[in-house]
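Q: Any chance you could fold what I've pasted below:
(2 chains)
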Amino acid sequence: MKRWMKLAAGAVAISLATAGCAGSGGSGNTAQSNANAPQQLSGELTVWLMTGSAPEPLTNALHKEFQDANPGVKIKYEIQQWNGIQQKLTTALASQTPPDVIEIGNTQTPAFAAQGVLADLSDSVNDLNGGQWLKGLKDSATFDGKTYGMPFYAANREVIYRKDLFEQAGITTPPASRDEWLAAIDKLKAKFGSDPDFQALYLPGQYWYSLLSFIWDEGGDIAKAEGKNFKSTLNSTEAKAGLEFYKKLVDASGTKAPKDNDEATPQQAGIYGGGKVAMFIGTPGEVATAAKTDPTIKDKTAAFAIPGKSAGKSAPVFLGGSNLAIPVNSKNTAAAKAYLKLLSGQKYQTEIAKGGYVPGTSTDISALSSDPFASVMAKAAQNGRAVPSSPKWGEVESGQNPLKDMMTAYLTGKKSIDQATTDANAALDKLLAGS
Amino acid sequence: MTSTKDVAAMPAGNTPPASPRVPTLRARRRRKGFGDSVLPYLLLAPGVLAIGALLIWPTVQLVMISFRKLDLRELVTGQLVWVGVSNYGDVLGDPEFWEVTVRTLVFMGAVVAATIVVALFIALLMKQLNPVVRVLLQVTLVVAWATPAVAATTVFQWIFDQQYGILNKTLALLGFDGFIGHSWFSDGPSTLTVIGLLITWQAVPFVAFSLYAGLIGVPREQYEAAGIDGAGPWQTFRAVSWPAIQPILTIVTFLSVIWDFRVFTQVWAIKQGGPDGESTTLPIYMYLKGIAGSHFGPAAAIAMLMLLVLVILLARYIQLLLRSKEVDLK
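A: Down below sits the predicted model:
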């Protein structure tokens, strides 16, 4: 009997041990891909792009051309969802066989680069059309002087407005300065204000991407680099001025948007699609979302760049977008680089522009000019800016964003502007310093 | 004992056939015992293996990770970096941790108390209701119970929305004009109250059904007897209902404490622990400090500390549970 028990115990121990092996995974993974192997690429190339990034005609053509040039390589193309992507990437990167090409949001890129989990592409920048890289994205993919990603595409915000309502209110030209913008709001309110549901401008209280434009326009910033670290500058005079203008807009427009939520809850494009909103700040892609509520709205809609402080000069905008990177554990770095090279060429960059995005590795945006929304966006993108390229920034966005708390507290009158900015400054410093 | 006596009292003539029988049985049992005594262990093995693989091993891993630096870099390269107790030192040295712990305990206490009181009331009500109304109530309870947490959270967000929420609009209709545009999520206590309501709303059905099950187990005669003895409603409850549901109440309280202590989904979905971190509870704190930035070491340390807090909180209950089990075994 004792022998049997020992056996049973042994079996438990063994199964525990094997379960353990499977659980701890990823250890001792020292196999390095031979990046400098002679050409004639082979093997499997796993590509992860995000949903809505690359139009299907683009990827079809790209993959066909790549396949024809490299018959030995088998492309495995998978489209990923944004929801939960950071966890999925973490798991994938830690596995023995990670994808070979991945798309990473530009605000998340520094975190991955700083952890040393992306291949260093510094030597390949020239192969990848490096001279024409979009600056805002390039900065986000650079860490410690090295390049860890290739800009893919970007989009930025503009003011989307109803042409018909503007016309009826007697506004002939779209506002080109803050004063004209506020004047337009007054005219719209004078014309349509009798309707209690009418909003001249829909502007939720925690729309911090919009606030960034105003802070940058004042000459301020969220944080400034001090060596390798970042120091929050939200309590600067310029940042306060930006926040004050935001409040001015909210108060002037009488927006019914929640002061304690951002542009995604509720979806602002859906509210605009309801037909009682004359303007909102959004990306060209949101016009399509609004059209889901009211298909006729697209023809009545146009866009102008977010007006700046000084007339005729639009405000800087936050560049949202993606970079492409190669995981450091990739087994097929050579093929991945060849793939990126092909994608960085003019042909496919034009396709990206046709898809309505600002292309990452080409300064040629002529393909965007035919679209009334994309052309305005592309012009503003020249003055595009990025959030601090701190490896901690991802935590600011995925956690409790101090900018959002600051905006709600000031807009609802819970805190004075000095108190709100001082608190946010301290909270942001704590996050950027991190543990 | 009695059987031995009987055997001993048996006439001598009957003993010879009996005595060889006993050893034979024993011998057979011993021979058979090989398979017999192994069989229980074999039958237990799948369960033990499953528990080992699903519970024990992850816990061991968690303990080990809490003594390591495990960021994305270490995860990808497979390095083992031991940092001793520094993860614990960092967490315990953070004043925010203590603030959050106290807040979590108060929040949990309030939610558990509210859940138990409301559920007890509903359970007692169910016993008195007309069958049709009772089934209606039970269906409603099950529906509330079956609503996925995120869906329920979204509905609550709509209800409490500053501009479009039905609550503010209703209050304004009723003449409370102060609630037009009132923000329910502008400070921590108000936000936590809404979250607490949501969690209570979803937790009540299970507790109510459990208590109701205990109540219908009480024989009708006991209530009749109490009535004959002239007991009022309160006395009847104290003397008849209470003893029947008290053990169940202990268990559901125990479970509620565990559930409400580690609740994450609703708290996160409502306001991500904001504004200004004022509705951050321990699970949110763990997510922010650990998972959000891929710092799995501190996350594991916070998880261990949470486990410790729970064990301290529930020590008395565990003791009670073990003791009542002993009583049952007697």
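
Q: Which secondary structure element is home to the most centrally placed residue in chain B?
A: Nearest residue to the geometric centre of chain B (Cα atoms, centre = their mean): residue B:255, 2.1 Å. According to DSSP states H and E, residue B:255 maps onto helix B:242-261.

Q: How about that helix, which residues are buried there?
A: B:244-245, B:248-249, B:252-261 (16 or more other Cβ atoms under 10 Å in any protein chain shown). To be clear about C-beta, it is placed using only N, CA and C from the backbone, and glycine gets the same treatment.

Q: One more: stretch A:283-294?
A: Neighbour-count burial for stretch A:283-294 [16+ other Cβ under 10 Å]: A:283-287, A:289-291.

Q: That one near chain B at all?
A: No: remark: stretch A:283-294 sits outside contact range of chain B, by Cβ under 8 Å from any Cβ of the partner chain, the gap being at least 15.1 Å.

Q: could you give the mean pLDDT of that stretch?
A: Stretch A:283-294 shows an average pLDDT of 89 in the prediction.

Q: now the strands: where do they sit in chain B?
A: Here chain B has no strands by DSSP state E.

Q: So what touches stretch A:363-383?
A: A:132, A:134, A:136, A:154-158, A:160, A:283-284, A:287, A:301-306, A:314-317, A:319, A:346, A:349-350, A:353-354, A:356-359 (Cβ atoms under 8 Å, 6 or more residues apart in numbering or on different chains).

Q: sorry, back to before: least confident of the buried residues of helix B:242-261?
A: Least confident entry in the buried residues of helix B:242-261, by pLDDT: residue B:244, with 87.

Q: which ones are touching that one?
A: B:214-215, B:217-218.

Q: Now flag whichever of those is closest to residue A:239.
A: residue B:214 (60.1 Å; Cβ to Cβ).

Q: Isn't that closest one up against residue B:252?
A: No: counting by Cβ atoms under 8 Å, residue B:252 is not a contact partner of residue B:214; they are 9.6 Å apart.

Q: Let me see the ranges of the strands in the stretch 1-150 of chain A.
A: A:43-50, A:73-80, A:101-105, A:142-143, A:146-147, A:150-155 (DSSP state E, counting those that start in this stretch).

Q: re the thing from before, any idea how far the residue nearest to the centre of chain B is from residue B:314?
A: According to Cβ to Cβ, to the nearest Å, residue B:255 stands 10 Å off from residue B:314.

Q: Now do the shared contacts for these two.
A: With Cβ under 8 Å, 6+ apart applied, the contact sets of residue B:255 and residue B:314 do not overlap.

Q: Do a quick rundown of the helices in the stretch 101-250 of chain B.
A: B:131-146, B:149-159, B:166-173, B:188-216, B:220-228, B:233-236, B:242-261 (DSSP state H, counting those that start in this stretch).

Q: And the ones you listed: which comes nearest residue A:261?
A: Among the helices of the stretch 101-250 of chain B, helix B:149-159 sits nearest to residue A:261 (Cβ to Cβ), with 8.6 Å.

Q: so what secondary structure elements neighbour that closest one?
A: helix B:166-173, helix B:188-216, helix B:265-271 (3 or more Cβ pairs under 8 Å, 6 or more residues apart in numbering or on different chains; DSSP states H and E).

Q: Flag every residue of the stretch 101-250 of chain A that's near chain B.
A: So the stretch 101-250 of chain A meets chain B at A:111-112, A:115-117 (Cβ under 8 Å from any Cβ).

Q: and the two most separated of the residues you listed?
A: A:111 and A:116 (11.2 Å).

Q: Could you check which of those two has the larger neighbour count?
A: The residue with more neighbours, out of residue A:111 and residue A:116, is residue A:111; 24 against 16, by other Cβ atoms under 10 Å in any protein chain shown.

Q: show me what contacts residue A:248?
A: With the criterion set at Cβ under 8 Å, 6+ apart, residue A:248 makes contact with residue A:182.

Q: in what helix or strand does it lie?
A: Residue A:248 belongs to helix A:237-253, assigned by DSSP H and E.

Q: Pull the number of nearby residues for residue B:148.
A: Neighbour count of residue B:148, defined by other Cβ under 10 Å: 10.

Q: touching chain A at all, stretch B:88-100?
A: Yes: using Cβ under 8 Å from any Cβ, stretch B:88-100 reaches chain A at residue B:90.

Q: From the chain's centre, how far out is that stretch? Work that out for me.
A: Averaging C-alpha positions (Cα atoms, centre = their mean, to the nearest Å) puts stretch B:88-100 26 Å from its chain's average.

Q: what does stretch A:333-343 rub up against?
A: Outside stretch A:333-343, the residues that reach it (Cβ under 8 Å, 6+ apart) are A:33-35, A:37, A:39, A:41-43, A:45, A:47, A:62, A:65-66, A:69-70, A:73, A:75, A:100-101, A:119, A:121, A:124, A:127-128, A:150, A:324, A:326, A:330, A:348.
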